[in-house]
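[1] From the sequence below, what's the structure:
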Amino acid sequence: MAETVLMVGTRKGLFLGRSDADRSSWTWDAPQFPMQEIYSVAIDIRPEPPRMLAGATSPHWGPQVFRSDDLGHSWSETSGGAIRFPKDADTSLERIWQLRPAPEGQPGVVYAGTEPSAVFRSEDGGEHFELVRGLWDHPHRPTWQPGGGGQAIHTIVPHPADPQIVTIAMSTGGVYRTEDGGTSWTPYNRGIGAEFIPGETPEYGQCVHKIAQDAGNADRFYAQNHGGVYRTDDAARSWIQIDEGLPADFGFPVVAHPHRPDTIYVFPLVAAIERFPPSGKPAIWRSEDAGETWRETGPGLPAEAHTAVLRDAFSNDTADPVGLYVGTRNGAVWVSNDEGGTWAEVRSNLPDVLCIRAAVIA
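    Numbers count the residues shown, from 1 in each chain. Next up, the predicted model:
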């Protein structure tokens, strides 16, 4: 019998929802890691049993990666911290913004993106991580600037077939990519706007909010930028804008359907200075032709909600039909069990939702 597990990371702890494969009725565990900021969560379905990961930041003890091998009923941690900068880096870990298990074929490999901007790699399922020096020593790093939320690597996308290729995004800095296992990294932001930087569009420095990889083409990515939704068809070497038809071009998340090529979802906001949905009406928009056209999903979302959805607070499972999961800054959780055809609010009045992940587990 299948169980659906939903991880909701908030500014004041982790909330776990549970359902069956239908994902219509939910129960909720008591809050875990109370008063800790949960900036990143992951469900690694490669091992048996699956492993949950949570990147928590305690106001007293700092950041840590916690692990659960019993679907969140108990947790363990690495003594001294799973992620630590080496002494010669002359810095310390502030937050863990991304936990990303590698694809099948790379057992035990988990990536972490942090603040300050760095990538770490684990080969033991997230128990210990090592700094990827090729990016940390990049000549651009001293010139990367913090975005509104901090100076962090928030997105890591390992290639589905080639373990040497990893694509990342950061605020600010933009998109970088390695094709030699992390030894060297190249900025790939040509075509992405940077309205806050005067003059011609720079090689790097863009405030890319999120990227997602297409289900059918490993060279096709989508980006929600600080103004503008973009697509690349050549592994991020050049980008084109695809937000015509959306009610606004600002937002934070972009989610790619895990099975259907060319299908993506966004949550538009009015602008950087007005981070509400247009007319105060929240809406998830979907494209099924790689951004050429868009249409609003629904129904089922509230008629009014002056709130926003952060970059990692919109996610999906890999079931059929796919489930979609959205957490808002006013503490609501919306779920669609039919790929956006209908929506239901399954939780409300939580703290500010920072991240969300779900998996249907047999």
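[2] Pretty sure M1 sits against S19.
    No: applying C-beta atoms under 8 Å as the test, M1 and S19 come out as separate, 11.8 Å apart. All C-beta atoms are positioned from the backbone trio N, CA, C, and that covers glycine.
[3] higher neighbour count, those two?
    Here M1 and S19 are compared on neighbour count by other C-beta atoms under 10 Å; more neighbours surround S19, at 21 against 5.
[4] The more buried one and A319, how far apart?
    S19 is 11 Å from A319, where distance means C-beta to C-beta, to the nearest Å.
[5] can you list residues touching both of the two?
    T4 (C-beta atoms under 8 Å, 6 or more residues apart in numbering).
[6] Okay, and the beta partners of E296?
    Residues in a beta bridge with E296, per DSSP bridges, are W285.
[7] since we're on it, how many residues are nearby?
    Neighbours around E296, by other C-beta under 10 Å: 15.
[8] Contact partners for it?
    Here E296 is in contact with 283-286 (C-beta under 8 Å, 6+ apart).
[9] Go through those residues and say which is closest to C355.
    C355 has its nearest neighbour among the contacts of E296 in I284, at 17.3 Å by C-beta to C-beta.
[10] thought that closest one was touching E339?
    No: taking contacts as C-beta under 8 Å, I284 lies outside contact range of E339: 10.6 Å.
[11] between those two, who's got more neighbours?
    Ranked by neighbour count (other C-beta under 10 Å), I284 and E339 place I284 first, with 23 against 20.
[12] residues in contact with that one?
    265-267, 296-298, 301, 324, 326, 336, 340, 343.
[13] nearest spatial neighbour of M35, skipping sequence neighbours?
    Excluding its sequence neighbours, the residue lying closest to M35 (C-beta to C-beta, 6 or more residues apart in numbering) is K12, at 5.4 Å.
[14] what do you get for E104?
    Nearest one to E104, counting by C-beta to C-beta, 6+ apart, is R46 at 6.2 Å.
[15] Give me the contacts around stretch 46-57.
    Contact with stretch 46-57 is made by 5, 7, 9, 14, 33, 36-44, 63-72, 75, 94-99, 101, 104, 107, 110, 112, 125-126, 359, 361, as judged by C-beta under 8 Å, 6+ apart.
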